[in-house]
Each structure stands twice: as structure tokens, then as C-alpha cells.
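1. kindly generate the corresponding structure for this input.
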Amino acid sequence: MKSNHLPRKFSSMMAMLLTMLAVVVMFTGAAAPAQAQTPTPLYNFQNVPTDACEPENNIVQGRDGNMYGLGLFCGTNNTGAMYKISPAGTESIVYNFPSNWSFCFSGLTLGSDGNFYGTCFSTPTGNGSIFKLTSAGAFTDVHDFTGVNGDTEPIYAPIQASDGNFYGVTGYNPYSCGNVYKLTAAGVYTNLHTFSGSDCGPASSLIQASDGNLYGTLYNCSNGILGCVYKISTAGILTEVYDFSASSGYNPCTGVIQGKNGKLYGATNTGAANNFGAIYALTTTGVFTDLHDFVQTTDASCVDNAGRTNVNLLQVTDGSFYGVNGAYGPTGEGSIYKLTPANVFTAFLLPTNPAVDGAAPLATMIQHTNGLAYGTTPVGGQGAATVGTFFSVATGDAAFVNLEPTQKTELVGAHVGMFGQGFSSASVVKFGGVASTSVTRSGSTYLTAVVPVGAHTGTVTVTTGATTLTSPQTFKVKPKITTFSPPSGPIGTLVTINGTGLIQATAVKFGTVTATTFTVVSDLEVTADVPSGLAAGPLTISIITPGGTANSPTKFTVN
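-> Numbers count the residues shown, from 1 in each chain. All right, here's what the predicted structure looks like:
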């Protein structure tokens, strides 16, 4: 029988622990660090059937500019609800989970179809399910887990990868090892990897890095119960990237995210210099750097929540990282913290009175395209019936435009979605400085634009009147070769290569040999001389650009 009582039991234990710690700290007189920032409470979740309560895990920005999240309890059936909330704090309930769907604390993923995806731990089939919800509250049971080969107990939302498929993990440490799965948009389910033995107990959801692989953390790896960071290809090949140790910090209390510099970032809650874990950076090849060693009495502690709702870091547009610690600290109420690109750490603690901002934050923060960061706490807040809060933090960042997560690399002619605010029918969208000739607006907070001929790899901007919003991500224009002529020839032959996305070509190759002479005629045409050193026979022509490499669909024959 599954331990479905554990989440509620954990909440009660956490509340008792926080109270005890607050008393201990009061008598020990621990000093709080300087507070450069403080959260601003925007909404108090009410312990009533018409609201969600105990909000947990990640929230997402919808196409309408509102943010969406999940409350673990309350709702019509006291089994939780999905809520939406505006940047100003106006909240409403979108959907109440049925009485036989419970422990839906996975957080949400926004799909490329504009709908929201998540998981529930306990559902009628007995092994949990993946659901889809529209912004209007239309609910679909997308997939029911079977319990076969680790296929049970999902506690994290799936992610959508660049191939359009959803990927996720199951497993509720320490009760089931779980698996890694793929789910197509059409609902076809595949078990990519069954965890067991030396790899067991996912400690986080997945992310897709720029190399195309999926990354996450595990509680149990080849190093035993110290944990590790792993990667798995979309074909199911799993590799341990880094095994935690007592000196580096162990027991992962976050997943990993990929920073702007390409490195992975996460945190642990045990070991390292102070024995309270650390924030770390990790290359995708496994080179580890300790960035900050937590001090429990001042920084609070990155609790792992009994394998239930691990959070991730957030990197905002200025490059700083924000995170939450769920317990301890001078007040016993946990903390929000910031780590700058220069590795300056600051913890700005929740007040000693949880009736103001709440306490014990357990949700990954989000940066809205208005520049502010937002988060939730599952307990505390103003009012006797309050169970959790929604808050904002001023990052100092300006408003920006955010690309659809699955559309950071596209061909010329693709429709690319983007989030922001203040859009109008006069908005001008540019890809690397080249204007799109086709823009479709959906309200003032979401639009799609066609990647134009001549687009450059670089930032995307949306200009509306005197305001220009810029993407923090680099959009890559993927090159494509469609034809070339002549189809064959000797060394020195001038070959005309046609395609799209060729304007930034940096090299042309015939097989493995780079052409010594090539000319970029336009975005649609490149010419190159067949280089010396090639043996007679067929070979592939390649064009390399900052957006990637394009290969010819047929082979050129060297005479």
C-alpha cells in the first residue's frame, strides 16, 4: 500500500519543527545577515473550499500574462486546485481536482500548445497520472501510470523538449526507484529507463540542456546514498555526470538548471565546508565548482522535503541566481537567497512573524517578463484562515520578451512564440536585427512571429512605440541546404549551394575537408570551390553557421 499520507504528515511535522527552531534561535541570539531585498506579499491563500491552499513547486507564466500554479489542498474537494494570479496579486481558481485525484503537488509546465501539464501522485488507477489543463479549466487525463518497471508515483511535472515530446520521471524516494519516460503530444508513452539498484530515486524534475540531453539529480547513485547529477539522452542512454561527496556537498535538494554560460547549477543540503551543503556549478562534462557553502543559522537550509518537492534555482536576466531555503535560519522560517555572477551571496530572510510573508518556501521562483521574480510559501500569511502566500521580489531587471522554451532554435519560415507585455498591432519583431514580415498577436502579452529570410542568430526584440523588449536568450537560426549544383566535378569546381539561414556561414565543408574559398551571396545562396585533398567519390556538403550545421540532402561526387 502506498504511503499517500506522507505529504500531509510532513506538513504537520514541518510546522512543528519550524516552531521549535524559532524558539531555539531566539535563545541563541543568532545574528541575521544584511537584508538587501525583501519579498512583497501579494496574496494570502485561504483555507476554504473556494481557494487553493499550501501552494508548492513551480509556477509558470501563461500566454495571458497571468501566472498559474497548484495548491496541494483546499478546493471544492480538499484535494487541491489550480489557481491563476496576476502580477498585481488578483487570484482566482481555474480548476478543482476531483475527490479521487490527490497530492497534485508537481507544479506545472506550459506546453507549446498553450496548455498546462502536471502530475498527480494519487489517482483512481493507483499509480498516479499526467494531466492537461487549459487556461479555462478544461481537464484531460493524459496518461495513467501502470506500476510496471518503476512506472509509478510521479511527483514532478514533465517537461517539453525541443522535439515536442514530454519527458519526466517517476519515483517517490525511498519507496520506489522510478523511471524516466517519454510521452508524445499524441499520448504515446515510452519507458526510457527504469531506475534500480545503483540509480534510484529521482530527486528532481528534468531539464533539457543546449546539448539536447536531459539532466536531473538522483538520491542514490553508484556512490551510494550521496546522490549524483545524471544525464539521459532522448533515446534513453543514461550517464552519471557527477557523483556528490562529503567534501563537495551531497544529498541534492534541487535539480539543476543551465546557466547562460552553459554550466549546470544546483544545491545540496549536507556536507561541504560547513556540513550544510552548498550551491555548485557543474560543466556538462562533470567539472565541479563549489560556489557557496550554506550556513544553517544565517542562510537557512536547503531541505529536501523527504523526497517530495525539490525546487530549482532561478537565473534572472542580469545573470544572478535566486533560490529558496525551506527551513532554519535566524528566524526558523527559511529564506530567499541571491547569488550574483561575481559569486556574492545574500540571504534576505522572511520576517520573524510568518503572519506577514508566510514561511518555509517550497516553490521554485519564476521571473515574469515584467522583470519581477515571484514565489510562494505553503504556510503562514495574514489572517487566521491563511495557508500560504504569493510574493514578489524586485530583481532590478527591466521588462523583457521571453521565447517559447521549445523554440530557441528554428528554421527560416518557422512561427516562433514569445511572451511579454504591452504588445500591439504595431509591434515590430526582429530576429538578430532583421524584422519579421508576419506577426500574429494574441492579446497584449503573447505573439508569434515568422523567422524572416536573412535573420541572424542573436537576441529577439519586440518594439512597441518607444519601448523595446529584448530576449535574455539567444535565438539560433538553423541553417538548411536544399539543393546544390553542379552535382559533381573535379577539385576546384565552383559549387552553388542553395538553402535558408546561410547569411552567417562561417565555413563550408566537403566531407571532412574545409573549403579554402567560399562566398556568402545571400541568406539563400553560398558558393564554394571544391578543396584539394579529396578522394574521388560521393560526399556530403556542410555549411556551418552560429545557428548550427546544415548537411546537404544528397551527396556531391568528386570526379
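2. hey, let's count contacts and neighbours off CA atoms from now on
-> Fine.
3. what segments of the stretch 101-250 of the chain are strands?
-> Counting by DSSP state E, counting those that start in this stretch, the stretch 101-250 of the chain has these strands, from start to end: 109-110, 116-120, 129-133, 139-144, 159-160, 166-169, 179-183, 189-194, 200-202, 207-208, 214-220, 228-232, 238-243, 250-252.
4. which stretches of the stretch 1-150 of the chain form helices?
-> All helices of the stretch 1-150 of the chain, identified by DSSP state H, counting those that start in this stretch, fall at 6-28.
5. do the stretch 151-300 of the chain as well
-> Ranges of helices in the stretch 151-300 of the chain, per DSSP H, counting those that start in this stretch, are 296-299.
6. now that we have the strands of the stretch 101-250 of the chain, can you turn them into JSON lines and tack on mean pLDDT, mean neighbour count and distance to Thr340?
-> Output for these, formatted as JSON lines (pLDDT from 0 to 100; neighbours: other CA atoms under 10 Å; distance: least, CA to CA, whole Å):
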{"stretch": "strand 109-110", "mean pLDDT": "97", "mean neighbour count": "24", "distance to Thr340": "27"}
{"stretch": "strand 116-120", "mean pLDDT": "97", "mean neighbour count": "26", "distance to Thr340": "31"}
{"stretch": "strand 129-133", "mean pLDDT": "97", "mean neighbour count": "22", "distance to Thr340": "36"}
{"stretch": "strand 139-144", "mean pLDDT": "97", "mean neighbour count": "16", "distance to Thr340": "40"}
{"stretch": "strand 159-160", "mean pLDDT": "97", "mean neighbour count": "26", "distance to Thr340": "27"}
{"stretch": "strand 166-169", "mean pLDDT": "97", "mean neighbour count": "26", "distance to Thr340": "30"}
{"stretch": "strand 179-183", "mean pLDDT": "97", "mean neighbour count": "23", "distance to Thr340": "33"}
{"stretch": "strand 189-194", "mean pLDDT": "97", "mean neighbour count": "18", "distance to Thr340": "36"}
{"stretch": "strand 200-202", "mean pLDDT": "92", "mean neighbour count": "30", "distance to Thr340": "28"}
{"stretch": "strand 207-208", "mean pLDDT": "97", "mean neighbour count": "23", "distance to Thr340": "22"}
{"stretch": "strand 214-220", "mean pLDDT": "96", "mean neighbour count": "26", "distance to Thr340": "23"}
{"stretch": "strand 228-232", "mean pLDDT": "98", "mean neighbour count": "24", "distance to Thr340": "23"}
{"stretch": "strand 238-243", "mean pLDDT": "97", "mean neighbour count": "19", "distance to Thr340": "24"}
{"stretch": "strand 250-252", "mean pLDDT": "94", "mean neighbour count": "27", "distance to Thr340": "21"}
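7. can I get those in TSV with distance to Asn343?
-> As requested, those are exported to TSV (distance: least, CA to CA, whole Å):
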stretch	distance to Asn343
strand 109-110	30
strand 116-120	34
strand 129-133	38
strand 139-144	42
strand 159-160	29
strand 166-169	31
strand 179-183	34
strand 189-194	36
strand 200-202	28
strand 207-208	23
strand 214-220	23
strand 228-232	22
strand 238-243	22
strand 250-252	20
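8. between those, which gets nearest to Trp101?
-> Among the strands of the stretch 101-250 of the chain, the nearest to Trp101 by CA to CA is strand 116-120 (6.7 Å).
9. which stretch of helix or strand covers the closest residue to Val324 other than its chain neighbours?
-> Nearest residue to Val324 in three dimensions, chain neighbours excluded: Ile336, at 4.4 Å (CA to CA, 6 or more residues apart in numbering). In this assignment (DSSP states H and E), Ile336 forms part of strand 335-339.
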